[in-house]
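Peer 1: sequence isn't available, so here's the structure alone:
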């Protein structure tokens, strides 16, 4: 369930990311990253009601209730980071519905910056924002 929840978080980011470079994104806040790359599927308030949601084969989750769906009621920050990054998800666990954002973001890094560090910085901002909107 968590994999599906987070696997659709950034579905709309791939086409937008390929049209840009990472450098301008480094100044974005977590909410700005969310609005640019996630809101098309998850909606502006992250309730899973974005304009693209109806066209997807999987249910787009409400990202404001990630913590509530956990047994301990805590936001699983490290797990969300890993799923968003995508590199830790094992292919044996099934197809990934969401792009591997760690690789996608790293590939867009300027040549003078370590790509992985820049990609992780953006993922950290996005995960921090998702943590902040838990209800």
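Peer 2: That came through fine. If you're wondering where the values come from, they're calculated on a predicted model, not measured in any experiment.
Peer 1: quick check: residue 52 vs residue 72, distance?
Peer 2: 32 Å (Cβ to Cβ, to the nearest Å). (C-beta placed from N, C-alpha, C; glycine too.)
Peer 1: can you pull out the low-pLDDT segments for this structure?
Peer 2: 1-21, 88-99, 101, 109-113 (pLDDT under 70).
Peer 1: switch the cut-off to 90
Peer 2: 1-26, 36-41, 53, 56-61, 79-120 (pLDDT under 90).
Peer 1: the helices in it, which residues?
Peer 2: Counting by DSSP state H, the chain has helices at residues 2-7, 13-18, 22-25, 30-37, 39-42, 77-85, 101-107, 115-132.
Peer 1: deepest in the core, which of the ones you listed is it.
Peer 2: helix 39-42 (a mean of 22; mean count of other Cβ atoms under 10 Å).
Peer 1: how far does it sit from the chain's center?
Peer 2: Helix 39-42 has its C-alpha centroid displaced from the chain centroid by 11 Å (Cα atoms, centre = their mean, to the nearest Å).
Peer 1: please name every helix or strand in contact with that helix.
Peer 2: The contact analysis (3 or more Cβ pairs under 8 Å, 6 or more residues apart in numbering; DSSP states H and E) places helix 39-42 against no helix or strand.
Peer 1: one step back: and the helices of the chain as TSV, adding distance to residue 63?
Peer 2: As requested, the helices of the chain are exported to TSV (distance: least, Cβ to Cβ, whole Å):
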stretch	distance to residue 63
helix 2-7	7
helix 13-18	14
helix 22-25	20
helix 30-37	9
helix 39-42	5
helix 77-85	9
helix 101-107	15
helix 115-132	6
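Peer 1: residue 52 and residue 72: who's more crowded?
Peer 2: The neighbour comparison of residue 52 against residue 72 (other Cβ atoms under 10 Å) goes to residue 52, with 15 against 7.
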